[in-house]
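A.B. asks: Sequence plus predicted model, see below.
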Amino acid sequence: MVSTAQIYKKIDFLKSSQKIEVINYIDFLLSKEKKESYNKKPKFGCAKGRFKMSDDFDEPLEDLMEYMY
């Protein structure tokens with residue numbers, strides 16, 4: 001694994017025009033990573049167990065009783 005300090009040392013030896021290229025490449029890599037994370041589609045059942053519905057979910061609401069009959 002490359003440490004951040006090693007990267008900084010190598011970048012320090014570059015010309016300013018090359019440093020700009022490095023910055024642009026880093027921005028490219030970061031934008032690519034963001035796009036990949038947005039393209040992931042959820043799989044069926046991925047939210048299983050994350051919420052619980054009340055037992056009376058399907059029961060009619062008291063506020064709407066006058067409109068039902």
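C.D. replies: Done, it's in.

A.B. asks: confidence score at Y38?
C.D. replies: pLDDT, Y38: 62.

A.B. asks: Contacts for the longest helix seen in the chain next, please.
C.D. replies: Longest helix in the chain, counting residues (DSSP state H): helix 16-38. Contacts of helix 16-38 with the rest of the structure, by C-beta atoms under 8 Å, 6 or more residues apart in numbering, involve I11, L14. All C-beta spots, glycine's among them, are computed from the backbone N, C-alpha and C.

A.B. asks: helix or strand right after it?
C.D. replies: Later in the chain than helix 16-38, the nearest helix or strand by DSSP states H and E is helix 65-68.

A.B. asks: who does that next one touch, helix- and strand-wise?
C.D. replies: Applying 3 or more C-beta pairs under 8 Å, 6 or more residues apart in numbering; DSSP states H and E, we find helix 65-68 packed against no helix or strand.

A.B. asks: ok, residues contacting it?
C.D. replies: P60.

A.B. asks: Can you report how many residues neighbour V22?
C.D. replies: For V22, the neighbour count with other C-beta atoms under 10 Å is 13.

A.B. asks: same check, this time on I11
C.D. replies: If we define neighbours as other C-beta under 10 Å, then I11 has 12 of them.

A.B. asks: Mind checking the pLDDT average for the helix or strand harbouring it?
C.D. replies: Element membership for I11 (DSSP H and E) is helix 4-12. Averaging pLDDT along helix 4-12 yields 92.

A.B. asks: buried ones in the longest helix of the chain?
C.D. replies: Buried residues in helix 16-38, counted by 16 or more other C-beta atoms under 10 Å: none are found.

A.B. asks: show me where pLDDT drops low in this structure?
C.D. replies: Counting by pLDDT under 70, the chain has low-confidence residues at 35-39, 69.
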